[in-house]
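Q: below are the sequence and a predicted model; questions follow.
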Amino acid sequence: MNVYPEFIDKDRPVLEGEEAPYIGELEFETEVGRIIGMVLVPNHKPGEKHPAIVLLHGFPGHNSLLDIGHALRRAGFVVFNPFAPGAWGSGGYYTFDGLIKAASAIVNYAASEECQEKYHICPDNIFLAGHSMGGYTCVNTMRRVPALKAGVCLMPFDYPWFFENGQLETIKGLFTLGTILKQETETSMYENALANYEETAFSKAAEDLKDRNMLFVGGAKDDVAPVDTMIEPLYNKIKELGGKAEYILYDTDHSFNDCRFKVIKTIADYICPMVD
């Protein structure tokens with residue numbers, strides 16, 4: 001199975017005899033609602049298998065990861081770009097346990113016989129990446145789905161930290177930014193967060209992640225998910241346990257606005273050598 005990291009930052013030509021790349025619709029049922037999105041499929045020779053990666057957006061999802069998705073498709077990955085339950089047309093309600101259940105379902109779907117046949121995916125080479133709340137989901141999905149080959153957490157947002165440190169008004173204020181998300185009641189998002197924070201806190205994750213391939217990417221100017229509270233304590237604990245996590249810090253903000261290409265290359269340099 002081939003990957004093509006040399007095309008991360010330039011167009012990959014369709015060679016004679018190859019099937020052209022295309023964008024497909026993603027739509028399937030999960031226990032937390034009907035998930036919609038898109039699938040980016042790379043050009044390939046007949047019978048050629050691909051690795052796959054699932055990209056998870058943040059809260060509420062304005063910051064698209066499609067530039068990352070297109071770059072990784074050019075590198076030879078099938079890229080799943082789903083919208084979270086209750087977000088941007090996906091069914092169900094936006095809940096924090098629902099994020100993890102939906103991500104697990106998408107990974108299982110990517111590994112299914114249906115996707116193996118339709119998108120030529122190798123089920124032994126499936127990766128996960130998420131930004132902000134998607135990074136929180138990535139951490140917790142990696143704790144629960146052993147089939148994933150690696151997880152990439154971009155500026156992961158550990159919302160349970162606010163509960164653990166008594167900053168309840170701060171987190172309530174943050175949730176007001178999610179009015180575009182579908183909620184069962186006006187208070188259900190906070191109630192769900194409260195019900196799930198202990199089980200999903202980064203402070204409890206190191207033991208589950210010490211044997212997993214994990215890359216953490218942080219921003220020194222990130223004032224949404226500060227690295228000293230939301231990445232470094234978890235990373236340091238994993239390393240204390242003898243884990244193989246990696247951590248890269250860039251002089252950038254929460255959305256890595258001024259180093260998108262650098263972050264994309266970092267992701268590719270990390271996952272491409274793992275493909276076999």
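A: Thanks, I have it.
Q: phi and psi next, for the closest residue to residue 11 other than its chain neighbours.
A: In space, residue 11 comes closest to residue 74 once its chain neighbours are excluded; the distance is 7.2 Å by C-beta to C-beta, 6 or more residues apart in numbering. Quick note: C-beta positions are derived from backbone N, CA and C, even for glycine. The phi and psi values for residue 74, taken as degrees, to the nearest 10, are phi -60, psi -30.
Q: residues contacting residue 74?
A: 4, 7-8, 10-12, 42 (C-beta atoms under 8 Å, 6 or more residues apart in numbering).
Q: can you do 10 Å?
A: Going by C-beta atoms under 10 Å, 6 or more residues apart in numbering, residue 74 touches 4-12, 21, 40, 42-43, 268.
Q: for residue 75, same thing?
A: Contacts of residue 75 (C-beta under 10 Å, 6+ apart): 2-8, 12, 42, 51, 53, 264, 267-268, 271-272, 275.
Q: got a quick PyMOL command for the buried subset of those residues?
A: A single PyMOL command is used to select the members of the contacts of residue 75 judged buried by 16 or more other C-beta atoms under 10 Å:
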select buried, resi 3+4+5+7+8+12+42+51+53+264+267+268+271+272+275
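Q: which of the contacts of residue 75 fall in strands?
A: Applying DSSP state E to the contacts of residue 75, the entries found in strands are 51, 53.
Q: quick one: the residue nearest to residue 11 from residue 125, how far?
A: Distance check for residue 74 against residue 125: by C-beta to C-beta, to the nearest Å, it reads 17 Å.
Q: for residue 240, give its distance to residue 207.
A: With C-beta to C-beta as the criterion, residue 240 and residue 207 are 11 Å apart.
Q: before we move on, what about residue 150?
A: In terms of C-beta to C-beta, residue 150 sits 18 Å off from residue 207.
Q: looking at these two, which one has more neighbours?
A: Using other C-beta atoms under 10 Å, the more surrounded residue of residue 150 and residue 207 is residue 150, with 20 against 12.
Q: beta partners for that one?
A: Counting by DSSP bridges, residue 150 is bridged to residue 127.
Q: verify the stated contact: it with residue 209.
A: No. Using C-beta atoms under 10 Å, residue 150 is not in contact with residue 209, being 11.2 Å away.
Q: mind listing the shared neighbours of the two?
A: With C-beta under 10 Å, 6+ apart, residue 150 and residue 209 have common neighbours residue 142.
Q: so where do the strands sit in this protein?
A: Under DSSP E, the chain gives strands at 22-30, 33-41, 50-56, 78-82, 121-131, 150-154, 214-219, 246-250.
Q: show me what counts as buried in the longest one.
A: Buried residues in strand 121-131, defined by neighbour count with 16+ other C-beta under 10 Å: 121-123, 125-131.
Q: where do the helices sit along this structure?
A: 66-74, 96-110, 113-119, 133-144, 160-164, 168-175, 188-200, 206-209, 227-230, 232-240, 260-271 (DSSP state H).
Q: what residues sit buried inside the fifth one?
A: Applying a neighbour-count criterion of 16+ other C-beta under 10 Å, one finds 160-163 buried in helix 160-164.
Q: for the fourth one, same thing?
A: By neighbour count on 16+ other C-beta under 10 Å, the buried set for helix 133-144 is 133-143.
Q: does residue 111 touch residue 146 like I think?
A: No. The pair residue 111 / residue 146 is not scored as a contact, 11.8 Å apart, by C-beta under 10 Å.
Q: the bottom helix or strand of the protein by mean pLDDT?
A: Least confident helix or strand of the chain, by mean pLDDT, DSSP states H and E, is helix 168-175 with a mean of 89.
Q: how far away is residue 34 from residue 91?
A: 4 Å.
Q: what's the neighbour count on the residue lying closest to residue 29 once chain neighbours are set aside?
A: The shortest distance from residue 29 to any residue other than its chain neighbours is 7.8 Å, reached at residue 35 (C-beta to C-beta, 6+ apart). Other residues near residue 35 come to 25 when the count uses other C-beta under 10 Å.
Q: quick one: residue 35 from residue 99, how far?
A: 11 Å.
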